[in-house]
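Enquirer: Below are the sequence and a predicted model; questions follow.
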Amino acid sequence: QVQLVESGGAVVQAGGSLRLSCAASGRTFSNYVMGWFRQAPGKEREFAATVKRFGFTTDYADSVKGRFTISRDNAKNTMYLQMNSLKPEDTAVYYCAAAAPGLSTYREANKYAYWGQGTTVTVSS
């Protein structure tokens with residue numbers, strides 16, 4: 001089992017920045033591919049970003065590419081999402097998730113076995 005706890009959500013003005021954190025406990029953090037997903041009100045959960053086990057390989061949804069940066073610190077069992085140039089359409093509950101390594105893609109929510117409870121980001125215009 002892996003327990004995941006997100007933090008850092010807040011209300012921010014458009015154009016601002018936030019950094020989300022995801023603290024992991026339980027099994028060895030570096031064994032897992034980690035991802036960020038988000039769910040806006042009335043919409044389905046969508047992929048935002050993913051980072052492979054040692055942080056060297058990342059992938060982003062087109063909607064966040066160039067504005068968001070995913071990273072991880074395996075020594076601290078923590079993953080981050082630095083969000084810059086925020087837009088009102090970034091408003092959502094942000095979830096971190098953990099997946100087993102070795103899969104071909106990590107953009108699908110069903111690839112992830114463990115999920116946090118989410119942290120809310122609200123971007124005002």
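Expert: Great, that's in hand.
Enquirer: Can you tell me the closest non-neighbouring residue to the residue nearest to the spatial centre of the chain?
Expert: In the chain, the centroid-proximal residue (CA atoms, centre = their mean) is residue 36; its distance is 2.1 Å. Closest residue in space to residue 36, ignoring its immediate chain neighbours: residue 48 at 4.4 Å, by CB to CB, 6 or more residues apart in numbering. Yep, even glycine has a C-beta here, placed from its N, CA and C like the rest.
Enquirer: So which residues of this structure form strands?
Expert: When assigned using DSSP state E, the strands of the chain occupy the ranges 2-7, 11-13, 18-26, 33-39, 46-51, 58-60, 68-73, 78-83, 92-99, 112-115, 119-124.
Enquirer: and the gap between residue 73 and residue 55?
Expert: Distance, residue 73 to residue 55, by CB to CB, to the nearest Å: 8 Å.
Enquirer: Mind checking which of these two has more residues around it?
Expert: Neighbour comparison, residue 73 and residue 55: the larger count goes to residue 55, with 15 against 12 (by other CB atoms under 10 Å).
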